[in-house]
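Q: the following block contains a protein sequence and its predicted model.
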Amino acid sequence: MLPITRTLVSSLALLFVAATAVPVTANALPVNVALHMFPKESQKAPKSVTFQILNKSETAFKVKVADTLYTLQPHAGQKITALAGAQVLAVSDSAKYHSGEVLITVSPSLAGETVTLD
């Protein structure tokens, strides 16, 4: 076989192999996944949740949600909106709770609910 023919045949064979592999690799990893153009469900921003905290004790009680401080008056409630995953911390001591204690962790299931603190 002539050297030119051999080069031509080997080039065509290489081109054939490359052409059959391209559709497989093109569908293997979509561009939007490779470049993170569209976040997955787990990467979405946390949802805001609105709930109420009711202070049933005889004294005022302070709580902190994210960076916001709330004073709960005796026998009164306070509506709070926070991102899911935020923690409600006791800022003042009471008969049942100590300052810095995590009272609740905000979750979507709290939406519209009332949390009672004694």
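A: Noted; the coordinates are in hand. Residues are numbered from 1 along each chain as shown.
Q: hey, C-alpha coordinates of the helix or strand containing L103 in PDB?
A: Assigning secondary structure by DSSP states H and E places L103 in strand 102-105. Once non-C-alpha atoms are left out, strand 102-105 reads as follows in PDB (Å, rounded to 0.1, in the frame of the first residue of the first chain):
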ATOM      1  CA  VAL A 102     -31.600  27.200  71.500                       C
ATOM      2  CA  LEU A 103     -35.400  27.300  71.900                       C
ATOM      3  CA  ILE A 104     -36.400  26.200  68.400                       C
ATOM      4  CA  THR A 105     -35.000  25.900  65.000                       C
END
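Q: how far is that strand from where the chain is centred?
A: On the basis of C-alpha atoms, centre = their mean, to the nearest Å, strand 102-105 sits 18 Å off its chain's mean C-alpha point.
Q: mind listing what's buried in it?
A: 103-104 (16 or more other C-beta atoms under 10 Å). Quick note: C-beta positions are derived from backbone N, CA and C, even for glycine.
Q: name the residues that touch that strand?
A: With contact meaning C-beta atoms under 8 Å, 6 or more residues apart in numbering, strand 102-105 is reached by 63, 85-90, 97, 110, 115, 117.
Q: next SSE after that strand?
A: Heading C-terminal from strand 102-105, the first helix or strand you meet, by DSSP H and E, is strand 114-117.
Q: can you name every helix or strand that that next one contacts?
A: strand 48-55, strand 102-105 (3 or more C-beta pairs under 8 Å, 6 or more residues apart in numbering; DSSP states H and E).
Q: so what strands line up beside that strand?
A: Each strand paired with strand 114-117, and its direction, by DSSP bridges: strand 48-55 (parallel).
Q: am I right that T7 is in a strand?
A: No. When classified by DSSP: H, G, I helix; E, B strand; the rest coil, T7 is found to be helix rather than part of a strand.
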